[in-house]
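Student: Provide a 3D model corresponding to the input given below.
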Amino acid sequence: MQLSGPEGRPIISTDLPQPATEDLLEEPGAESETRAFVVDAAAHGERLDRALARLVPEFSRSYLQQLIEGGAVRLRGAPATRPALRVRAGDTGEIELRPTPQSQAFVPEAIPLSVVHEDEHLLVVDKPAGLVVHPAPGNWRGTLLNALLARDPGARLLPRAGIVHRLDKDTSGLMVVARTRAAMDRLVAMIAAREVSRQYLALAHGDWQGPPQRRVEAAIGRDPRNRLRMAVIDPGRHAGKPAATVFQLLQQAREGCALLCTLETGRTHQIRVHLAHIGHPLVADALYGGAPAAGLARQALHAFRLAFSHPVTGASLAFHAPLPADLRAAWAAWGLRYNEAGRLTGPPAAALDGPSGPAPAERAQEGKRRGGRTTKP
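Tutor: Down below sits the predicted model:
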């Protein structure tokens, strides 16, 4: 099939992942492009959607089917609205190439960012809960990536605008973002080599059992019973990747426990999955069984400390992000005290009495008897 039309006009960014099912046609008024085509002998007898998929490879076949059904294709001078329509050699037609949501996702948007550190090579930002990191189905705009493109014109020259790791939408806290390709490549390698320290503060359900410090090493993969979730899996039976998290008990309240979580790997939903696996789901993490509590409307997880060597200068860097207001209020609701330096202090004695069991000091002694050890964030 031969295609005529403007040359060099990008229709869709090849850096974006293709979803299994794409959104329907774009909102009215979006820029479009009409191209003429002629069916050659090699395409004679093919379905219309298959023929178009070969001549417009930047669009998925499923999206081309939507364009056909939406009246964006004309064949032999008339609308062609059936993807299964057979084409003939010599047929002429035209297709209106309407941008997909993906193709319009990488645009600058003036979204305020809390910048903790900035130099010519990188940024460290304190992401608020509710901000999606990267465009994806359901969130094509209003993401951290869009904000980075607006803040720094050079970000458009980098894959994913310099994003080298992610936080879940409802997790708040620190992220490092590259501003140069050299810094990006080095940061990616450092994360893979576990040379970037990432620590989180969390509120979890349940009375902590065992030593104050516990290392959970369990592979994580797609939940075979619910593909929208991740789960601890048996690598011998299901696809997954090794994952390890160290949990440190900071305080125990009647309602649950405050934890310091240190990532050794960076799997999707890792802390959430590992805590649910050991019987301590995060507060308000509905996806993994964590009931709402302490007035929280989102999962009680905050990336409060980030430390690494500068990818270019080699200087040691360490950053802390105080708890945001909603988590600070939740800490207070459970009788926990928190200071601005990012460390928890002892709760009122009343919070340690009753069904929650022994106080943290007593738990620490028990942990030492069992070979555990305590640390401070």
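
Student: any low-confidence regions in the stretch 201-350 of the chain?
Tutor: 339-350 (pLDDT under 70).

Student: where exactly do the strands run in it?
Tutor: 213-217, 220-222, 230-232, 244-252, 256-263, 301-309, 316-320, 337-338, 344-345 (DSSP state E, counting those that start in this stretch).

Student: mean neighbour count and distance to residue 131 added to these, as a markdown table?
Tutor: Placement of C-beta: from N, CA and C, glycine included. Formatted as a markdown table, the strands of the stretch 201-350 of the chain follow (neighbours: other C-beta atoms under 10 Å; distance: least, C-beta to C-beta, whole Å):
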| stretch | mean neighbour count | distance to residue 131 |
| --- | --- | --- |
| strand 213-217 | 16 | 28 |
| strand 220-222 | 20 | 24 |
| strand 230-232 | 20 | 21 |
| strand 244-252 | 22 | 23 |
| strand 256-263 | 24 | 20 |
| strand 301-309 | 22 | 13 |
| strand 316-320 | 14 | 18 |
| strand 337-338 | 17 | 22 |
| strand 344-345 | 16 | 25 |
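
Student: those strands: which one's closest to residue 119?
Tutor: Closest approach to residue 119 among the strands of the stretch 201-350 of the chain is made by strand 316-320 (9.7 Å; C-beta to C-beta).

Student: quick one: residues in contact with that closest one.
Tutor: When contacts are defined by C-beta atoms under 8 Å, 6 or more residues apart in numbering, strand 316-320 is touched by residues 116-117, 124, 174, 304-310, 341-342.

Student: quote the end-to-end distance of stretch 172-190.
Tutor: 22 Å (C-alpha to C-alpha, to the nearest Å).

Student: ok, back up a step: same list (the strands of the stretch 201-350 of the chain) but as JSON lines, adding distance to residue 160.
Tutor: Output for those, formatted as JSON lines (distance: least, C-beta to C-beta, whole Å):
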{"stretch": "strand 213-217", "distance to residue 160": "29"}
{"stretch": "strand 220-222", "distance to residue 160": "22"}
{"stretch": "strand 230-232", "distance to residue 160": "21"}
{"stretch": "strand 244-252", "distance to residue 160": "25"}
{"stretch": "strand 256-263", "distance to residue 160": "20"}
{"stretch": "strand 301-309", "distance to residue 160": "18"}
{"stretch": "strand 316-320", "distance to residue 160": "21"}
{"stretch": "strand 337-338", "distance to residue 160": "33"}
{"stretch": "strand 344-345", "distance to residue 160": "34"}
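
Student: residue 96 is nearest to which of those strands?
Tutor: Comparing the strands of the stretch 201-350 of the chain by C-beta to C-beta, strand 220-222 comes nearest, at 37.1 Å.
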